[in-house]
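Novice: Test case, fold it:
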Amino acid sequence: MLTWWWLILAVIVAVVVPTTLFLRAPRGRALWHRLVLRIPVMGELVRKQAIVRTAIVMSTMLKSGVVFVRAVQIAQRTAGNMVIRDALERLESAVTRGADIGEALADTRAFQPMVVQMFALGQQSGRLEEMLDRLAHTYDQQLATSTQRLAAILEPMLILLLALIVLFIVLATVLPILEAGNVVG
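Specialist: Next comes the predicted model:
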């Protein structure tokens, strides 16, 4: 490493700089956000977190007397994921054209059927803000449960990884001593 430090540094720069530039570009960021949503466990966590945030913001806005389209616009700004943000933009334009909220949300294909049903039921009953509160509460509980399960799964894996690292260090220390003993003996 002392001899080839410049090559290691060049490889790191050659990987980090283009990746950073790619992720800063809108197209690269959108691709990254789509990829994150497809990661088996993490994708669901990110999606649920975005839904909770969107539902809370929209519920609060609707309770304050803000028009639905304006509440969707505000929720777009709080969406951390570009896929969800784009879906909310499509929802806004469809509702502005006169489409039904549930159908417009289903057409985005970014939300789970339960979310679409809650929006549709809230629109039909005239209590959308209440349904969004329930949705946020339900998904927040699911998010907490999923996070606890993920932590329970990762904990033994991290302990095992640390044990392997310690084993590697011990072997790297002890084996040369044993080899020196074999050469002398």
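Novice: Chain neighbours aside, what residue packs nearest to the most centrally placed residue in the chain?
Specialist: Most central in the chain under C-alpha atoms, centre = their mean is residue 46, positioned 2.7 Å from the mean C-alpha point. Among residues not flanking residue 46 along the chain, residue 36 sits closest, at 5.6 Å (C-beta to C-beta, 6 or more residues apart in numbering). Heads up, the C-betas are built off the backbone N, CA and C, glycines and all.
Novice: for that neighbour, phi and psi?
Specialist: phi -60, psi -40 (degrees, to the nearest 10).
Novice: For burial, what's the neighbour tally of it?
Specialist: Burial of residue 36 is recorded as 17 neighbouring residues (other C-beta atoms under 10 Å).
Novice: Please verify my assumption that it contacts residue 44.
Specialist: No: counting by C-beta atoms under 8 Å, residue 36 sits too far from residue 44 to count as a contact (10.7 Å).
Novice: Can you name every helix or strand that the longest helix that the chain contains contacts?
Specialist: The longest helix of the chain (DSSP state H) is helix 128-184. Contact analysis of helix 128-184 by 3 or more C-beta pairs under 8 Å, 6 or more residues apart in numbering; DSSP states H and E lists helix 40-63, helix 113-125 as its packing neighbours.
Novice: Alpha carbons of the shortest one, in CSV - could you do that?
Specialist: What it means is helix 113-125. C-alpha atoms of helix 113-125 as CSV (Å, rounded to 0.1, in the frame of the first residue of the first chain):
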residue,chain,number,x,y,z
PRO,A,113,-53.5,-0.9,-3.1
MET,A,114,-54.3,-0.2,0.6
VAL,A,115,-53.1,3.4,0.2
VAL,A,116,-55.2,3.8,-3.0
GLN,A,117,-58.3,2.4,-1.2
MET,A,118,-57.8,4.7,1.8
PHE,A,119,-57.7,7.7,-0.4
ALA,A,120,-60.7,6.6,-2.4
LEU,A,121,-62.7,5.8,0.7
GLY,A,122,-61.8,9.1,2.2
GLN,A,123,-62.9,10.9,-0.9
GLN,A,124,-66.2,9.0,-1.1
SER,A,125,-67.0,9.5,2.6
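Novice: which outside residues touch it?
Specialist: Helix 113-125 is contacted by residues 51, 100-103, 105-106, 128-132, 134-135 when judged by C-beta atoms under 8 Å, 6 or more residues apart in numbering.
Novice: Repeat that for stretch 130-148.
Specialist: Applying C-beta under 8 Å, 6+ apart, the external contacts of stretch 130-148 come out as 41, 44-45, 48-49, 51-52, 55-56, 58-59, 62, 114-115, 118-119, 121-122, 125.
Novice: can you check stretch 12-28 too?
Specialist: 29, 32.
Novice: From the chain's centroid, how far away is that stretch?
Specialist: Put simply, stretch 12-28 sits 19 Å off its chain's centre (C-alpha atoms, centre = their mean, to the nearest Å).
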